[in-house]
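[1] Below is the structure, and that's it, no one-letter string:
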């Protein structure tokens, strides 16, 4: 069973900054039921939240920003990327393709830096920019 990706950016104070469900185009018709999507959304948020403790343990044992797969829940993996400001990029997925996930995180990190350079954006606040959302989903389609 193919699974859609769930991507979240968690702020330095463990507050959610951004989240996106990335549904591959071949699966989009299978997830038309709103209740089913809400159930998955809450489960995804729970899995990501549970993995935050593991990310905080792993990040202090390495100098790399990309932490690879840090946690597992059933057949799903959680990969993480931690910025210098302790902002965490977390991706819930069901396939291990480390190179494409690393490239995805690096591209999204560049987009995030552009958001930070905006003088009207306050660090660790919610990212509600529709252009950022579209670009993240475009990067996801390219790499995931």
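    Ah, there it is. Computed from a prediction, not measured in an experiment: that's the story for all the values here.
[2] okay, now residue 73: neighbour count?
    Look at residue 73: counted by other C-beta atoms under 10 Å, it has 15 neighbours. Every C-beta, even on glycine, is put in place using the N, C-alpha and C of the backbone.
[3] Please report the distance of residue 76 from residue 124.
    Counting by C-beta to C-beta, to the nearest Å, the separation of residue 76 from residue 124 is 27 Å.
[4] do the same with residue 18
    To residue 124, residue 18 is 11 Å away according to C-beta to C-beta.
[5] can you tell me the helix or strand for the closest residue to residue 126 other than its chain neighbours?
    Take residue 126 and drop its neighbours on the chain: the residue closest to it by C-beta to C-beta, 6 or more residues apart in numbering is residue 17, 6.0 Å away. Take DSSP states H and E as the rule and residue 17 turns out to sit in strand 16-22.
[6] Buried by neighbour count: which residues of that strand qualify?
    Neighbour counts using 16 or more other C-beta atoms under 10 Å place 17-22 of strand 16-22 among the buried residues.
[7] which outside residues touch that strand?
    For strand 16-22, the external contacting residues (C-beta atoms under 8 Å, 6 or more residues apart in numbering) are 4-11, 37, 40-41, 44-45, 87, 124-127, 132-133, 136-137, 140-141, 144.
[8] Then stretch 49-57?
    Looking at what lies outside stretch 49-57 - C-beta under 8 Å, 6+ apart - the contacts are 10, 14, 67, 70-71, 73, 78, 80, 82, 88, 90.
[9] among these, which two are most distant?
    73 and 82 (19.6 Å; C-beta to C-beta).
[10] By mean pLDDT, flag the weakest helix or strand of this structure.
    helix 34-59 (a mean of 77; mean pLDDT, DSSP states H and E).
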